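A.B. asks: What would the 3D arrangement of this be:
(one chain, ligands or ions: 2)
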Amino acid sequence: MTRGELTDTLSTKIRLALRGEGDNGTTVRVCGVEIGGERIIVAAGPCSVETRDQTLRAAREVKEAGASMLRGGAFKPRTSPYSFQGLGEEGLKILAEARSITGLPIVTEVLSPEDVELVGRYADMLQIGARNMQNYPLLKRVGKTRTPILLKRGFSSTIEEWLSSAEYILKEGNRSVVLCERGIRTFETSTRFTLDLSAIPILKEVTPLPVMVDPSHGTGRRELVHPMSRAAIAAGADGLLVEVHPEPEKALSDGSQSLDPESFRSLIKGLRPIAQALGRYL
Ligand code: PEP
Ligand code: MN
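C.D. replies: Ligands and ions are numbered 1, 2, ... in the order given. Have a look, this model is predicted:
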């Protein structure tokens with residue numbers, strides 16, 4: 001399908017999330033951090049906020065290594081109801097403390113429309129997780145806020161469905177939406193998901209919205225985070241969302257895909273020349 005054909009098919013259902021001929025990309029500002037500009041943004045931190053000490057350690061380490069935002073879940077969408085569900089508001093308070101120490105803006109997930117007000121009081125950017133990409137009441141609710149949104153791709157969703165979800169948010173008046181590719185379900189079992197890097201150049205053609213990539217959930221394996229991060233930047237991503245834990249082997253969620261601080265430092269170092277080769281920086 002050519003660009004024209006794809007845009008034609010999309011244009012009946014998607015308006016605000018579509019790039020017009022000759023349009024520049026949109027940039028989204030999260031506190032002082034601009035996503036979608038020349039600078040490549042790395043949001044890093046633990047999968048879950050587990051304890052104050054764990055989160056503050058992670059925040060200091062990622063800041064020192066060069067991250068521009070802190071990630072961490074206080075409300076966790078776990079496959080099993082018996083798994084750690086997150087600390088809730090207590091976790092949000094810990095994130096706010098980490099922000100005041102490091103200056104890093106916070107991106108954290110909101111799971112339900114009832115929690116948008118609460119999470120919005122602490123978060124600088126609200127994450128809509130893969131499992132909620134088509135939760136329309138939630139999309140409409142966050143669309144009524146003016147907090148920037150990180151919209152993850154549903155793992156069984158097409159790019160068209162993903163952009164339709166972005167449209168729900170934009171239509172309500174919130175124009176600060178960043179898309180995040182985080183892997184889709186395929187028949188492959190050697191990775192947790194299949195990271196669809198081809199989505200990056202496709203999105204760059206059809207939408208003005210900035211695009212980030214999550215190589216942690218996208219692979220489920222920490223040894224794949226470095227190569228897939230490099231590939232994502234090379235393919236044109238505006239930023240990365242990376243899980244980092246001070247002690248990954250002790251993590252309450254997603255330890256096997258989390259980098260330790262040392263590995264995260266070397267990741268950032270290795271990405272700088274790639275960004276530079278593309279006329280960007282990190
Ligand atoms: C997360 O970022 O911790 C998360 C749960 O991601 P996803 O919704 O992509 O699975
Ligand atoms: Mn996770």
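
A.B. asks: Go ahead and confirm S112 touches L138.
C.D. replies: Yes - if you go by CB atoms under 8 Å, S112 and L138 touch, sitting 6.4 Å apart. (C-beta placed from N, C-alpha, C; glycine too.)

A.B. asks: more crowded one of these two?
C.D. replies: L138 (24 against 13; other CB atoms under 10 Å).

A.B. asks: From S258, how far off is the closest residue to ligand 2 within the stretch 51-200 of the chain?
C.D. replies: Proximity of the stretch 51-200 of the chain to ligand 2 (CB to the ion) peaks at G73, 6.7 Å away. Between G73 and S258 the computed distance is 12 Å (CB to CB, to the nearest Å).

A.B. asks: any residues in contact with both of those two?
C.D. replies: 46-47 (CB atoms under 8 Å, 6 or more residues apart in numbering).

A.B. asks: What number of residues are in the vicinity of N132?
C.D. replies: Counted with other CB under 10 Å, N132 comes out at 21.

A.B. asks: In contact with the residue of the stretch 51-200 of the chain closest to ligand 2, which residues?
C.D. replies: G73 makes contact with 46-49, 86, 91, 108-109, 127, 253, according to CB under 8 Å, 6+ apart.

A.B. asks: Tally up the residues packed near the residue of the stretch 151-282 of the chain found nearest ligand 1, please.
C.D. replies: Nearest to ligand 1, among the residues of the stretch 151-282 of the chain, is R182, at 3.9 Å (CB to the nearest ligand atom). Neighbourhood size, R182 [other CB under 10 Å]: 24.

A.B. asks: In space, what's closest to it - neighbours in sequence excluded?
C.D. replies: Of all residues not flanking R182 in the chain, D214 sits nearest, at 4.0 Å (CB to CB, 6 or more residues apart in numbering).

A.B. asks: Over to F193?
C.D. replies: Using CB to CB, 6+ apart, the nearest residue to F193 is G183, at 2.8 Å.

A.B. asks: next one: phi and psi at the one you found?
C.D. replies: The phi/psi pair for G183 (degrees, to the nearest 10) reads phi 100, psi 150.

A.B. asks: I'd say it and H217 touch.
C.D. replies: Yes - counting by CB under 8 Å, H217 is a contact partner of G183 at 5.8 Å.

A.B. asks: Identify the contacts common to these two.
C.D. replies: 192-193.

A.B. asks: So for those two, which residue has more residues nearby?
C.D. replies: The residue with more neighbours, out of G183 and H217, is G183; 25 against 22, by other CB under 10 Å.

A.B. asks: mind checking pLDDT for the more buried one?
C.D. replies: Per-residue confidence for G183 comes out at a pLDDT of 98.

A.B. asks: Quick check, pLDDT for the residue of the stretch 51-200 of the chain closest to ligand 2.
C.D. replies: Per the predicted model, pLDDT is 98 at G73.

A.B. asks: same check, this time on D8
C.D. replies: Reading off the confidence values, D8 has pLDDT 75.

A.B. asks: same thing with the one 5 residues further on?
C.D. replies: Predicted confidence (pLDDT) at K13: the value is 87.

A.B. asks: Please list which of the contacts of G73 are also close to ligand 2.
C.D. replies: Residues of the contacts of G73 in contact with ligand 2 (CB under 5 Å from the ion): C47.

A.B. asks: between the contacts of G73, which is closest to ligand 1?
C.D. replies: So of the contacts of G73, ranked by how close each gets to ligand 1 (CB to the nearest ligand atom), first place is C47, at 4.9 Å.
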